[in-house]
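Visitor: Got a predicted model here, sequence first, then my questions.
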Amino acid sequence: MICIEGLVKKFGERTAVNNLSLTIEQGETFGLLGPNGAGKTTTIRILTMLTRPTAGSITINGCRLPEDELAVKSLIGVVPQHFNIDIDLTARENLDLHGRLHHMPRDLRQRRIEALLDYVELKERGNDMVNTFSGGMKRRLMIARALLHEPQVLFLDEPTVGLDPQVRRRLWDLIRRLNADGLTVLLTTHYIEEAESLCRRVAIMEKGQLIALNSPTALCERLGSYVVEWTESEGTQYRFFASRIEAAAFAGTLAANTSLRHTNLEDVFVELTGRRVSG
Ligand SMILES: Nc1ncnc2c1ncn2[C@@H]1O[C@H](COP(=O)(O)OP(=O)(O)OP(=O)(O)O)[C@@H](O)[C@H]1O
């Protein structure tokens, strides 16, 4: 379980995270959403000990940050937003290097490397240099690396950015499998459908603050489970309703062409933050 209480991070005059409190349950897949600059990466960087908070307290599975640094390091696996694997080494060599840095004994290291290459479907490419890998393969290798020392919590910052839809879906399956195997997963994403598809609960941040926290379904229900969409000279208009009957009755009063559909998490995001997310 991850408990964050009163987290603040200031960069000079700028407040990147402003009094954030939330709890992420053991074994849940949790999504952190928000427009550019909302404070998602800063939050993950604090949770993974790459940045010190200005104020607040954090525990991960009972270990306090930053006091229990070594214990936390063995508890967490991190897949950063940018590729940071050595492209002049093979996949196996990259994993071996990571295992050595975690002081894993040789036998265990080798067993875990083989098991994980298999898990992320890279076994046949294990002896190939990483500079011959596609973006999706590199991302899978980074996930394998983050899992090598058997962490209990996995942090994924924008795990599928820049990947094509097929590769993205394969990665979603991998993330689901990790979660089914008992891992707690915290991810940030700009792809709202990714959060909707993977996460049991999502937090929406804006300007460093938490503005919504719930399951995607509950967030949609709060806005209204059905939406009527129509176009006017000033752009597309949206109106939300609790029931299909109410939505259809309203749509019937409009002269314009309308569409009636289920509300999705992107609607919630746009209503709450007033912006469409890129990507
Ligand atoms: N090292 C830094 N120095 C100064 N300001 C920073 C630093 N890192 C982040 N910030 C500022 O903190 C705020 C939050 O940035 P952060 O990268 O956490 O947002 P984000 O939600 O991850 O954005 P994005 O979706 O664009 O990745 C921004 O205003 C950013 O400019």
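Guide: Looks like it came in fine. Numbering: from 1, shown residues only.
Visitor: For the lengthiest helix in the chain, list every residue counted as buried.
Guide: In the chain, with assignment by DSSP state H, the single longest helix is helix 165-180. For helix 165-180, burial by neighbour count (16 or more other CB atoms under 10 Å) applies to Val167, Arg168, Arg170, Leu171, Trp172, Leu174, Ile175, Leu178, Asn179. (Glycine included, C-beta is placed from N, CA and C.)
Visitor: Does Leu265 touch Glu196 like I think?
Guide: Yes - here Leu265 reaches Glu196: they are 4.3 Å apart, a contact under CB atoms under 8 Å.
Visitor: what residues are shared contacts of the two?
Guide: Pro216 (CB atoms under 8 Å, 6 or more residues apart in numbering).
Visitor: Check the buried residues of helix 165-180 and tell me the two furthest apart.
Guide: Val167 and Asn179 (19.0 Å; CB to CB).
Visitor: ok, His82 to Ile143 distance?
Guide: 14 Å (CB to CB, to the nearest Å).
Visitor: brain fart, Glu114
Guide: 16 Å.
Visitor: Neighbour count: these two, which is higher?
Guide: Ile143 (21 against 14; other CB atoms under 10 Å).
Visitor: Quickly find the element holding that one.
Guide: Assigned by DSSP states H and E, Ile143 belongs to helix 135-147.
Visitor: Tyr238: helix or strand, and which one exactly?
Guide: Assigned by DSSP H and E, Tyr238 falls in strand 235-241.
Visitor: typo on my end, it should be Ala218
Guide: Here Ala218 sits within helix 216-223, counting by DSSP H and E.
Visitor: average pLDDT across that helix?
Guide: Helix 216-223 carries an average pLDDT of 95.
Visitor: residues near Arg112, how many?
Guide: 20.
Visitor: go on, Val120?
Guide: Neighbour tally, Val120, other CB under 10 Å: 22.
Visitor: With Arg45 instead?
Guide: Neighbours of Arg45 using other CB under 10 Å come to 20.
Visitor: Same check on the one 4 residues further on?
Guide: For Met49, the tally of surrounding residues (other CB under 10 Å) stands at 16.
Visitor: so who does it touch?
Guide: So Met49 contacts Leu65, Pro66, Glu69, Val72, Lys73 (CB under 8 Å, 6+ apart).
Visitor: hmm, try it at 7 Å
Guide: Leu65, Pro66, Glu69, Val72 (CB atoms under 7 Å, 6 or more residues apart in numbering).
Visitor: now these: which count as buried?
Guide: Leu65, Val72.
Visitor: So which of the contacts of Met49 sits lowest on pLDDT?
Guide: Comparing these by pLDDT, Pro66 comes last, at 86.
Visitor: What's the separation between that residue and the ligand?
Guide: 17 Å (CB to the nearest ligand atom, to the nearest Å).
Visitor: ok, and does stretch 206-214 reach over to the ligand?
Guide: No - against the ligand, stretch 206-214 shows no contacts by CB under 6 Å from any ligand atom, the least distance being 6.8 Å.
Visitor: I should have written stretch 50-63 there, sorry.
Guide: No - judged by CB under 6 Å from any ligand atom, stretch 50-63 and the ligand are separated, with a smallest distance of 7.7 Å.
Visitor: For that stretch, what does the pLDDT average out to?
Guide: Mean pLDDT, stretch 50-63: 96.
Visitor: Between the two ends of that stretch, how far is it?
Guide: Start and end residues of stretch 50-63 are separated by 16 Å (CA to CA, to the nearest Å).
Visitor: got it, and stretch 120-127?
Guide: Per CA to CA, stretch 120-127 runs 15 Å from first to last residue.
Visitor: Could I get the average pLDDT for that stretch?
Guide: 93.
Visitor: List the buried residues of it.
Guide: So for stretch 120-127, counting by 16+ other CB under 10 Å, buried means Val120, Leu122, Arg125, Gly126.
Visitor: ok, the last one touching Ala115?
Guide: Think Gly126. No - Gly126 is not in contact with Ala115 according to CB atoms under 7 Å; the separation is 11.7 Å.
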